[in-house]
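1. have a look; sequence and predicted model below, questions after that.
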Amino acid sequence: MRNFKGKERSRSDIVARADDAFGSSNYAEYMVDVKVKGRYKAARIGMILLYLAVAAAFIVVAAVLTFPWIVAAAPLFVWILWFFTWPYVSRSYYYTVDSAYFTVLKVYGGKKEDDFVKVKISDAAMIAPLNEEYACYAHEHADAVVYEAVSSFSASDIYFMTFTEASGKPAVCFFEATEQMLKALRYYNRDAVVMTKTLH
């Protein structure tokens, strides 16, 4: 399992690869943290309230049963609860373009990771910026499977990739692109990628 903690990530923290792969025009990686707003912010607040409620419950039980040692156990119990639950409200997305595939991992708390999207880049129908000119293509299929892998939809450089899943259903993945990532995607599927100037 990779360690995604912190902004400074070494090669070995991210992925094990041959040295000549890094810096190659057909390889790219990028990571974004989900912005704390909306439902995500509400979930964080709810989690904090849960921790406070659990601590308060320990104090009440200790007072009712006159077992003071229960209060001493409260911090440990709350820490265990935090350790296993807080990562789910501390989420990031890690993208790679590597060996002809575009992959998105959902990362929890900088450590635990789940596969989210993996697409053979040559199978993508369109990879374009989410702007007035191309947004209609992102919503072309009302029944499409949607993968939202962005820090926020107010972020800059949001792109989308349309493709067909193994089940035959149309799908669209929203992500945040960098210049290196667009170049790498274009290397594997020149006809599908719309190049624009990005901030990263």
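-> Cool, the structure landed. In this text, all values refer to a predicted model and were calculated from it rather than measured experimentally.
2. can you count the residues close to residue 173?
-> 24 (other C-beta atoms under 10 Å). (Glycine included, C-beta is placed from N, CA and C.)
3. which SS class is it?
-> For residue 173, the assignment made with DSSP: H, G, I helix; E, B strand; the rest coil gives strand.
4. need the per-residue pLDDT for the closest residue to it other than its chain neighbours.
-> Leaving aside its sequence neighbours, residue 173 sits nearest to residue 147 (C-beta to C-beta, 6 or more residues apart in numbering; 4.1 Å). With respect to pLDDT, residue 147 scores 97.
5. which strand or helix spans residue 147?
-> strand 145-148 (DSSP states H and E).
6. repeat for residue 181
-> Assigned by DSSP H and E, residue 181 falls in helix 179-188.
7. against residue 78, how distant is the residue of the chain positioned farthest from its centre?
-> The C-alpha centroid of the chain is most remote from residue 66, which lies 46.3 Å away (C-alpha atoms, centre = their mean). Here the distance between residue 66 and residue 78 works out to 21 Å (C-beta to C-beta, to the nearest Å).
8. circling back to that earlier point, which strands or helices does the strand holding residue 147 pack on?
-> Secondary-structure packing of strand 145-148 (3 or more C-beta pairs under 8 Å, 6 or more residues apart in numbering; DSSP states H and E): strand 170-176.
9. pretty sure the residue nearest to residue 173 sits against residue 118.
-> No: applying C-beta atoms under 8 Å, one finds residue 147 not in contact with residue 118, separated by 10.5 Å.
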